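> coords please:
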Amino acid sequence: MAMVRILMSLATIAILFGSTMAANHTVGAPKGRWDESTDLTTWAASETFLVGDSLIFVYTPNHDVLEVRKADYDSCQTTNAISTNGGGMTIISLSSTGKRYFICGTGGHCASGMKLEVNTLATAPVVPPPVSPPVKSPVSAPSPKIAPKISPVSAPSPKNAPKISPVSAPSPKSLAPTPKNAPKSSPAASSPETPSLPPSSTDFVPTSSPSSADKISVIASSTVGFGLVTMMLFFM
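Predicted coordinates for the structure are as follows:
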């Protein structure tokens, strides 16, 4: 008995869950209904039909709802309808997946556009969210606080300027080429027109007066010489 109660509870929950998930689609709503003036093809393309949903046809008494096959839907053939419904409101339960086709049985209404194709899905299709392009942050200019400091190139001061010595002009003697093998001449040979002469006796100038010792030696030599001369004259 407990197992039966559990199964019944699960079935009830499934029914309630299915009923809450199911949707009712009023054909042509909100701007139209099941008639000739409503663009039923565009309306069907804007809806998603799932298993368990219901179609609600609301119409006037001069219309009806016929479920037909694909070939009869294309040719608007009403004689081989799967089901025929009237009375101003018809509810069709979408209990299985696949396409189902409905037309109006009044003459000329199907050809005027009063026809509906419904594609029932098992579950709702997963629509990926739109991918937005990455937002590029604007490149901000560096603030003055973090901007690199660039020191101006200053001209060298006169104190730190390099000293440039003036270039002296070469003398005329240094410009004249000197032969490598030329003999070296003395100052006397460079002037041949003035020959050197021996110094004369008159030009001799004693540098110093004779000393007393020299005088004594001269007197002694003179005395000895005089004695010798006198002796020679005596013996002769």
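
> secondary structure element for Asp74, which one?
helix 70-75 (DSSP states H and E).

> could you give me the average pLDDT of that helix?
Here helix 70-75 scores 97 as its mean pLDDT.

> who are the packing partners of that helix?
Applying 3 or more C-beta pairs under 8 Å, 6 or more residues apart in numbering; DSSP states H and E, we find helix 70-75 packed against strand 98-103. The way it works is simple: take the backbone N, C-alpha and C, and place the C-beta from them, glycine included.

> show me which residues of the strand it packs on are buried.
Arg100, Tyr101, Phe102, Ile103 (16 or more other C-beta atoms under 10 Å).

> did I read that right, Leu231 in a helix?
Careful, residue 231 is Met and not Leu. Yes - with DSSP: H, G, I helix; E, B strand; the rest coil as the criterion, Met231 is located in a helix.

> hmm, back to that, what's the first helix or strand after the helix holding Asp74?
Sequence order places strand 83-85 as the next helix or strand after helix 70-75, per DSSP H and E.

> paired strands for that next one, with orientation please.
The pairing partners recorded for strand 83-85 under DSSP bridges are strand 65-68 (antiparallel).

> okay, now the unreliable bits of this structure?
Residues of the chain meeting the criterion pLDDT under 70: 1-21, 127, 136-227, 229-230, 232, 234-236.

> could the buried residues of strand 98-103 be laid out in TSV, adding distance to Asp74?
Converted to TSV, the buried residues of strand 98-103 look like this (distance: C-beta to C-beta, whole Å):
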residue	distance to Asp74
Arg100	14
Tyr101	9
Phe102	13
Ile103	10
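
> please identify which pair of these lies farthest apart.
In these, two members sit farther apart than any others by C-beta to C-beta. They are Arg100 and Ile103, at 11.3 Å.
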